[in-house]
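>>> could you work out the structure for the sequence below:
(one chain, ligands or ions: 2)
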Amino acid sequence: MSKVKDMSLAPEGVRKIEWVQKHMPVLEHIKEEYLETQPFKGITIGSCLHLEPKTINLGLTLMAGGAEVAMTGCNPLSTHDDAVAGAADLGLNVYGWREQDDEEYYQTINMVLDHKPDIIIDDGADMIMVLHNERTELLSHIKGACEETTTGVHRLQAMHADGALKFPVIAVNDAYTKYLFDNRYGTGQSSFDAIMGTTNMVIAGKTVVVCGYGWCGRGLALRAAGLGADVIVTEVDPIRALEARMDGYRVMTIREAVKQADLIITVTGNADIICGDDFKYMKDGCMLANSGHFNVEINRPDLEAISTEVKEVRESIEEFTTKDGRKLYLLADGRLVNLSAARGQGHPAEIMDMSFAVQALSAKHILENDLPVGVTKAPDEIDYNVATMKLKAMGIEIDSLTDKQKAYMANWQEGT
Ligand SMILES: NC(=O)c1ccc[n+]([C@@H]2O[C@H](COP(=O)([O-])OP(=O)(O)OC[C@H]3O[C@@H](n4cnc5c(N)ncnc54)[C@H](O)[C@@H]3O)[C@@H](O)[C@H]2O)c1
Ligand SMILES: N[C@@H](CCSC[C@H]1O[C@@H](n2cnc3c(=O)[nH]cnc32)[C@H](O)[C@@H]1O)C(=O)O
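Ligands and ions are numbered 1, 2, ... in the order given. Next comes the predicted model:
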């Protein structure tokens, strides 16, 4: 069963899915293995992930392993209508279309839950919240869930601390082969890909402010500098602020940074990073984008409050004319620019290859182990497995420890 916008887009969707499959060798390897071993026979997996070709390939991997798979999107703007049509054509249950309103967004989450999933794969924890708040009759059926992103992990940890979480969750985000690559290099590349594609503007010579120097922020600052920007970082954590400074960026408060910015990218997972009077200090023409979470990092109502006119001047670009006559530009409604902008394609396939390999292996881990209720990291074995497969696919060989080296590392008596 499926609910998508236009099934005539299926051939193009299938073409795009086939393209990413050529660039996701680790997931393809797991798919072949699952086809043989059928770890998910008789199991239903429900996912709430950005619906685009790479995610569909994860769905196909789980289906190859014997699962009934039902998928919906985790963001109202990020679904690719051709990819979901292709997915439906290839036998997945898929519910979603681009530009859903809030009601439709939660309706399609419920459509997935109607399949009575045993395992949930979530991104941002919206599906897990619906399960705990509205579909409590399904809770006892759930064997566990995997969470894709930093903020989802934070929400679930907070939920567990309150005693509210009712099943085990694997924090896929916290695997090394996820955040070190996806959050850093993935967000760094795909955000600029989307910003440049959306605006058709140059980055070189611009002052780019990156708010938040976590794993995503590090990637964004690195790519901004590589593109020739003058990079400013804002932080609230003194250690990360210091790291940003020593990595070569200017560090200052947001109030100072907004005065100099040509482009501001928020990537904190926090709310109200740009709000209130911040908008009053911005230069005419300043562009605003978010690559963090939901649409709360840039406070749109506060921007509207100082504006006399708002209009879409180019696809995924809104122009706000302020009362004092400046023009400020908000990209993709302040939602994740790399996925929500019409030209956002999300992370490169080679990156999602690793993130989704961790997802596919973690889902199997949930089935095969009696995990405690709570949020746990994916086992190191999964991480090393994925890294080893990725290196192999890249044709890279590395050394291994000799017995003598192992003995030396385990020894505490030998000194100078
Ligand atoms: N766009 C994408 O594709 C993508 C990919 C991965 C993660 N994410 C999301 O991006 C966000 C960041 O993820 P991360 O892994 O980098 O998290 P992280 O925890 O490593 O980093 C977040 C940083 O933001 C800082 N911060 C918090 N409040 C701040 C404030 N008011 N001003 C300045 N800095 C502040 C924190 O101190 C921290 O250093 C999360 O919401 C995550 O879910 C998006
Ligand atoms: N659902 C929330 C949460 C942030 S999504 C951030 C996650 O998106 C994931 N992501 C980035 N690019 C892609 C992609 O192309 N396909 C699927 N997921 C992606 C990435 O792993 C990251 O952890 C929201 O939309 O606001």
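>>> can you name the residue of this protein nearest ligand 1?
Gly214 (1.7 Å; C-beta to the nearest ligand atom). No exception for glycine: its C-beta is placed from N, CA and C like everyone else's.
>>> tell me the spacing between that residue and Phe294.
16 Å (C-beta to C-beta, to the nearest Å).
>>> which one's more surrounded, the two?
Gly214 (20 against 15; other C-beta atoms under 10 Å).
>>> need phi/psi at whichever residue of the stretch 201-350 of the chain sits closest to ligand 2.
Here the stretch 201-350 of the chain gets closest to ligand 2 at one residue, Gly346, 1.9 Å apart by C-beta to the nearest ligand atom. Dihedral angles of Gly346 (phi, psi; degrees, to the nearest 10) stand at phi 80, psi -170.
>>> any idea which element the residue lying closest to it once chain neighbours are set aside lies in?
Counting by C-beta to C-beta, 6 or more residues apart in numbering, Gly346 lies nearest to Leu339, which is 5.0 Å off, once chain neighbours are set aside. Leu339 belongs to helix 337-340 when assigned by DSSP states H and E.
>>> now do that helix: which elements does it pack against?
Counting contacts by 3 or more C-beta pairs under 8 Å, 6 or more residues apart in numbering; DSSP states H and E, helix 337-340 packs against helix 187-199.
>>> and the helix it packs on, how far out from the chain's middle?
Computed by C-alpha atoms, centre = their mean, to the nearest Å, the chain-centroid distance of helix 187-199 equals 14 Å.
>>> identify the residues contacting that helix?
Identification of contacts with helix 187-199 by C-beta atoms under 8 Å, 6 or more residues apart in numbering yields 203, 215-216, 218-220, 222-224, 227, 263, 265, 267, 287, 289, 291, 314-317, 329, 331-332, 337-339, 341-348, 351.
>>> buried ones in it?
Thr187, Gly188, Gln189, Ser190, Ser191, Phe192, Asp193, Ala194, Ile195, Thr198, Thr199 (16 or more other C-beta atoms under 10 Å).
>>> of those, closest to ligand 2?
So of the buried residues of helix 187-199, ranked by how close each gets to ligand 2 (C-beta to the nearest ligand atom), first place is Ser190, at 6.0 Å.
>>> hmm, the helix holding Leu339 touching ligand 1?
Yes. Using C-beta under 6 Å from any ligand atom, helix 337-340 reaches ligand 1 at Asn338.
>>> again with stretch 125-133
No. Using C-beta under 6 Å from any ligand atom, we find that stretch 125-133 stays clear of ligand 1, coming within 10.0 Å at best.
>>> list the buried residues in that stretch.
Ala125, Asp126, Met127, Ile128, Met129, Val130, Leu131, His132.
>>> sec struct for Gly248, please.
coil (DSSP: H, G, I helix; E, B strand; the rest coil).
>>> pretty sure Thr44 contacts Asp118?
Yes. Thr44 lies in contact with Asp118 (C-beta atoms under 8 Å); the separation is 5.4 Å.
>>> doesn't Met71 lie inside a strand?
Yes. Judged by three-state DSSP, Met71 forms part of a strand.
>>> what's the angle between the biggest helix by length in the chain and helix 187-199?
Secondary structure of the chain per DSSP state H: the longest helix is helix 349-368. For helix 349-368 against helix 187-199, the angle by axes from the mean of the first three to the mean of the last three C-alpha atoms, to 10 degrees is 130 degrees.
>>> returning to that earlier point: between the buried residues of helix 187-199, which is closest to Asp247?
Gly188 (13.0 Å; C-beta to C-beta).
>>> for the residue nearest to the spatial centre of the chain, give me its contacts.
Geometric centre of the chain, nearest residue: Thr149, 5.6 Å, by C-alpha atoms, centre = their mean. Counting by C-beta under 8 Å, 6+ apart, Thr149 touches Asp123, Gly124, Asn173, His293.
>>> contact residues of the stretch 101-250 of the chain facing ligand 1?
So the stretch 101-250 of the chain meets ligand 1 at 149-151, 179, 182-183, 187, 211-217, 234-237, 240 (C-beta under 6 Å from any ligand atom).
>>> can I get the buried part of the residues you listed as one ChimeraX selection?
This is the ChimeraX syntax for the buried subset of those, where burial follows 16+ other C-beta under 10 Å:
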select :149,150,151,179,182,183,187,211,212,213,214,215,216,217,234,235,240
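>>> among the residues of the stretch 101-250 of the chain next to ligand 1, which are in helices?
Those of those lying in helices (DSSP H): Thr150, Thr151, Thr187, Trp215, Cys216, Gly217, Arg240.
>>> got CSV for those residues, with distance to ligand 2 and pLDDT too?
Shown next, in CSV, are those (distance: C-beta to the nearest ligand atom, whole Å; pLDDT from 0 to 100):
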residue, distance to ligand 2, pLDDT
Thr150, 7, 98
Thr151, 6, 97
Thr187, 7, 98
Trp215, 10, 98
Cys216, 8, 98
Gly217, 14, 98
Arg240, 19, 98
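>>> go through the residues you listed and name the one nearest Ala378.
Thr150 (14.4 Å).
>>> assign a three-state SS to Leu138, would you?
Here Leu138 is recorded as helix under three-state DSSP.
>>> ugh, typo on my part, it should be Ala10
Classified using three-state DSSP, Ala10 is helix.
>>> count the residues that sit near it.
19.
>>> wait, it touches Gly91, no?
No. The pair Ala10 and Gly91 fails to qualify as a contact (C-beta under 8 Å) at a distance of 11.8 Å.
>>> picking up where we left off before, mind checking which of the buried residues of stretch 125-133 land in helices?
Asp126, Met127, Ile128, Met129, Val130, Leu131, His132.
>>> show the contacting residues for the last one.
With C-beta under 8 Å, 6+ apart as the criterion, the residues that contact His132 are Leu139, Met159, Ala164, Leu165, Lys166.
>>> 7 Å instead?
His132 makes contact with Ala164, Lys166, according to C-beta atoms under 7 Å, 6 or more residues apart in numbering.
>>> roughly how far does it sit from Phe167?
9 Å.
>>> next: the fifth one.
When C-beta to C-beta is applied, the distance between Val130 and Phe167 equals 14 Å.
>>> please apply the same query to Met282.
As judged by C-beta to C-beta, Met282 and Phe167 stand 45 Å apart.
>>> domain map for the protein?
Using automatic domain parsing, the domain parsing of the chain gives 2-178+346-393, 186-340.
>>> I am finished for the moment; much appreciated.
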